[in-house]
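>>> Here is my input; please provide its structure:
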Amino acid sequence: MIWGALAIFTLVDAMGLWETRLRIEQSGLLTYIGSFSVLAAIVLFYQTTQRSVRIMRCAHSVLQLEVLACLILIATYVAAAARYPLRDSWFLQADSAVGFDLAVWTTWVNAHLAVHVILWAIYNALFPVTLMACMYLALSESADEFIATVFVTSIILVAIALMVPAVGRRNGAPHVGQFLALREGTLRTVLLSDSRGLIMFPSFHAALAILVPISIRKGRRWLFLAGATFAALTMVSALSEGGHYLVDVAAGAAVACASATAISWAVAPTARRRDSGSAYRRPRPTGQSTVPEYAQPFD
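This next block holds a predicted model:
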């Protein structure tokens, strides 16, 4: 099901590239293809040899996540190049209504080096942390629900950003140069090797950060608390390091929560059927080991 959705996403990206006359940077694409090939080889090896179902499942989930990440990057370039009217004035008014001033906040953060460094590191750690969450879920049980939630969240975010674009803070934000060049038509290449966060509203960083603790909420308590802390700090860092408006962050978090709720509701019947099926186990044949399942060696 996930691969089918990714295939449709690929077709949508291809149509978007054709419509906006963008082309994909070859070196960046080859890097992604190389990574895909390595992961696919790991999946094939462990699936064929049956040496470890957990490793095979982990590599498979990481492969799906990386393919999705590549498709999302392409979609953000297409959305930026579509050149719909900028709506920064809307978001400035929304921030002003709650008493938040992005320029003042950014100036304060930049004036405190330690705070700036910490927020910068957290802001740039989002994808590695997301990848670790995916691997943790794949090794413990399944990352399918997590990847499906990321997929749905990403589709919604790109669709909104396409129709309601914004540039955000213009001074010093890493995305501004590429974003404006795409809108002006001076940049016609999807730079996969030097991609920037081109979507301001809603915030991708806020959305993905929120999905981390949501996805691991059923695991260890300390791990959930660590994920929740990371999510909170990421949303704070998005303001100064990503040039986001406060309303961007709030909207990204809202989309993520709504997507996670919808996916959880959609997969609940399947989970209930799986759990009810596991409650009726066949008796062990005579002579079979009586060692409890939890004491059996792992793969």
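
>>> From here on, just use CA atoms for contacts and neighbour counts.
Will do.

>>> Isn't residue 252 up against residue 207?
Yes: the criterion here is CA atoms under 8 Å, and residue 252 meets it with residue 207 at 4.6 Å.

>>> dump the residue contacts of residue 161.
Neighbouring residues of residue 161 by CA atoms under 8 Å, 6 or more residues apart in numbering: 79, 199-202.

>>> Which single one of those residues is nearest to residue 103?
Lowest distance from residue 103 to the contacts of residue 161 (CA to CA) belongs to residue 200, with 15.6 Å.

>>> Quick check: which element contains residue 173?
Following DSSP states H and E, one finds residue 173 outside all helices and strands.

>>> what's the closest non-adjacent residue to it?
residue 243 (5.5 Å; CA to CA, 6 or more residues apart in numbering).

>>> so how many other residues sit close to that neighbour?
25 (other CA atoms under 10 Å).

>>> Check residue 171 too.
10.

>>> returning to that earlier point: what pLDDT is listed against the residue nearest to residue 173?
pLDDT, residue 243: 89.

>>> so which helix or strand takes in the most centrally placed residue in the chain?
Central residue of the chain (CA atoms, centre = their mean): residue 208, 4.7 Å from the mean position. Per DSSP H and E, residue 208 falls inside helix 204-215.

>>> Need the contact partners of that helix.
Under CA under 8 Å, 6+ apart, the answer for helix 204-215 is 123, 126, 129-130, 133, 146, 150, 153-154, 157, 197, 224-228, 230-232, 234-235, 238, 249-250, 252-257, 260.

>>> Of these, select the buried ones using a ChimeraX command.
Those of these that count as buried under 16 or more other CA atoms under 10 Å are selected in ChimeraX with:
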select :123,126,129,130,133,146,150,153,154,157,197,224,227,228,230,231,234,235,238,249,250,252,253,254,255,256,257,260
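
>>> In helices, which of the contacts of helix 204-215 fall?
Those of these mapping onto helices are 123, 126, 129-130, 133, 146, 150, 153-154, 157, 224-228, 230-232, 234-235, 238, 249-250, 252-257, 260, per DSSP state H.

>>> Would you mind measuring from the residue nearest to residue 6 when sequence neighbours are not counted to residue 118?
Spatial nearest neighbour of residue 6, chain neighbours left out: residue 68 (6.8 Å); criterion: CA to CA, 6+ apart. Distance, residue 68 to residue 118, using CA to CA, to the nearest Å: 28 Å.

>>> Using CSV, list the CA coordinates for the strand or helix carrying residue 35.
Counting by DSSP H and E, the element that carries residue 35 is helix 26-49. C-alpha atoms of helix 26-49 as CSV (Å, rounded to 0.1, in the frame of the first residue of the first chain):
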residue,chain,number,x,y,z
GLN,A,26,22.0,14.6,-11.6
SER,A,27,24.6,14.3,-8.8
GLY,A,28,22.0,14.6,-6.1
LEU,A,29,19.7,12.1,-7.8
LEU,A,30,22.5,9.6,-8.3
THR,A,31,23.4,9.9,-4.6
TYR,A,32,19.8,9.1,-3.7
ILE,A,33,19.7,6.2,-6.2
GLY,A,34,22.9,4.8,-4.7
SER,A,35,21.4,4.9,-1.2
PHE,A,36,18.2,3.3,-2.4
SER,A,37,20.2,0.5,-4.1
VAL,A,38,22.2,-0.3,-0.9
LEU,A,39,19.0,-0.5,1.2
ALA,A,40,17.2,-2.6,-1.4
ALA,A,41,20.2,-5.0,-1.5
ILE,A,42,20.0,-5.3,2.3
VAL,A,43,16.3,-6.0,2.1
LEU,A,44,16.8,-8.6,-0.7
PHE,A,45,19.7,-10.4,1.1
TYR,A,46,17.9,-10.8,4.4
GLN,A,47,14.6,-11.6,2.8
THR,A,48,16.3,-14.4,0.7
THR,A,49,18.4,-15.8,3.4
